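[1] Just the structure for this:
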Amino acid sequence: MKRVLPLFLIVSLLACFCLQFSAAAEDLGYTITDYHFEGTLQANNVMQVRETLDVDFNEPSHGIIRSVSNIITFDTSLYGGDAVYRYKAEIEN
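    Coordinates of the predicted model:
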């Protein structure tokens with residue numbers, strides 16, 4: 001279980017990134033025409049991520065501001081537990 005929990009948290013965090021980003025694009029005057037994601041999960045639970053986006057802007061713009069949430073809440077009651085854990089991911093670069 002110890003190895004599954006960190007992987008679950010990382011995958012959940014990445015899903016939040018993608019959902020947050022796609023929802024924001026609809027309202028801000030641009031269209032993402034191509035999105036490529038590469039992620040490498042290392043044995044020490046560090047994930048290296050590279051995102052590449054091709055974007056068509058519908059109006060003049062200075063680019064995209066990328067906002068990334070680094071807080072994850074994990075409720076073990078969904079899996080028969082009785083605890084709620086909150087994790088803060090460290091994000092660099």
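[2] Distance check, Tyr85 against Ile72.
    For Tyr85, the distance to Ile72 equals 8 Å [C-beta to C-beta, to the nearest Å]. For glycine as for every other residue, the C-beta is placed from the backbone atoms N, C-alpha and C.
[3] Asn44: neighbour count?
    Using other C-beta atoms under 10 Å, the number of residues around Asn44 comes to 6.
[4] helix/strand/coil for it?
    coil (DSSP: H, G, I helix; E, B strand; the rest coil).
[5] So which of Tyr85 and Ile72 has more stuff around it?
    Ile72 (16 against 12).
[6] what about the residue nearest to Ala83 when sequence neighbours are not counted, neighbour count?
    Excluding its sequence neighbours, the residue lying closest to Ala83 (C-beta to C-beta, 6 or more residues apart in numbering) is Thr76, at 4.9 Å. A count of nearby residues for Thr76, using other C-beta under 10 Å, gives 12.
[7] go on, Tyr35?
    So Tyr35, with other C-beta under 10 Å, has 14 neighbours.
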